[in-house]
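> all I have is the shape, not the residue letters:
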């Protein structure tokens with residue numbers, strides 16, 4: 001049987017969990033994801049786990065933070081005055097905002113704390129600094 005390799009387009013079902021067992025994402029109730037191995041469309045550790053698998057095969061893999069969303073970076077947390085938020089935004093902890101960069105692109109930040117004098121914005125990915133556990137099943141190689 002053919003094994004998945006770099007350049008193959010694959011369809012994969014997965015369940016992603018944190019070390020404490022909390023499920024952060026799954027495809028079980030929807031279509032499997034489709035990506036081409038080697039194109040950087042999924043996190044590196046997930047992609048590497050699929051290489052060498054055969055259709056129908058399942059496995060559980062632990063992906064360290066360094067091969068997932070990287071380390072948590074304190075320098076990506078910033079406090080701003082409430083007046084610096086876009087007009088009409090009522091800040092709440094957990095809320096996500098798109099902030100324009102100087103190059104015209106937007107990036108997403110999460111509000112992590114709100115007070116009358118400061119809003120704390122975190123530009124880290126919510127899974128940064130976390131090791132991830134994936135139960136994966138290679139559905140097919142296209």
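Okay, I see it. Computed from a predicted structure; not experimentally measured. Numbering: from 1, shown residues only.

> for stretch 82-90, buried residues please.
residue 85 (16 or more other Cβ atoms under 10 Å). C-beta: built from backbone N, CA, C; applies to glycine.

> again, but for stretch 53-65
53, 63, 65.

> same check, this time on stretch 101-119
Buried residues in stretch 101-119 (16+ other Cβ under 10 Å): 109, 110, 111, 119.

> tell me how far it is from the chain's mean position?
Stretch 101-119 sits 19 Å away from the centroid of its parent chain (Cα atoms, centre = their mean, to the nearest Å).

> for that stretch, give the mean pLDDT please.
Averaged across stretch 101-119, pLDDT comes to 91.

> what does it rub up against?
Contact partners of stretch 101-119, identified using Cβ atoms under 8 Å, 6 or more residues apart in numbering, comprise 77, 79-82, 84-85, 91-100, 120-123, 126.

> in strands, which of these fall?
Assigned to strands by DSSP state E, the following of the contacts of stretch 101-119 qualify: 77, 79, 80, 96, 97, 98, 99, 100, 120, 121, 122.

> can you give me the angle whichever strand or helix holds residue 112 makes with strand 96-100?
With secondary structure defined by DSSP states H and E, residue 112 is part of strand 106-114. Relative orientation of strand 106-114 and strand 96-100, computed by axes from the mean of the first three to the mean of the last three Cα atoms, to 10 degrees: 130 degrees.

> may I ask you to confirm that residue 50 is in contact with residue 137?
No - here residue 50 does not reach residue 137: they are 10.1 Å apart, not a contact under Cβ atoms under 8 Å.
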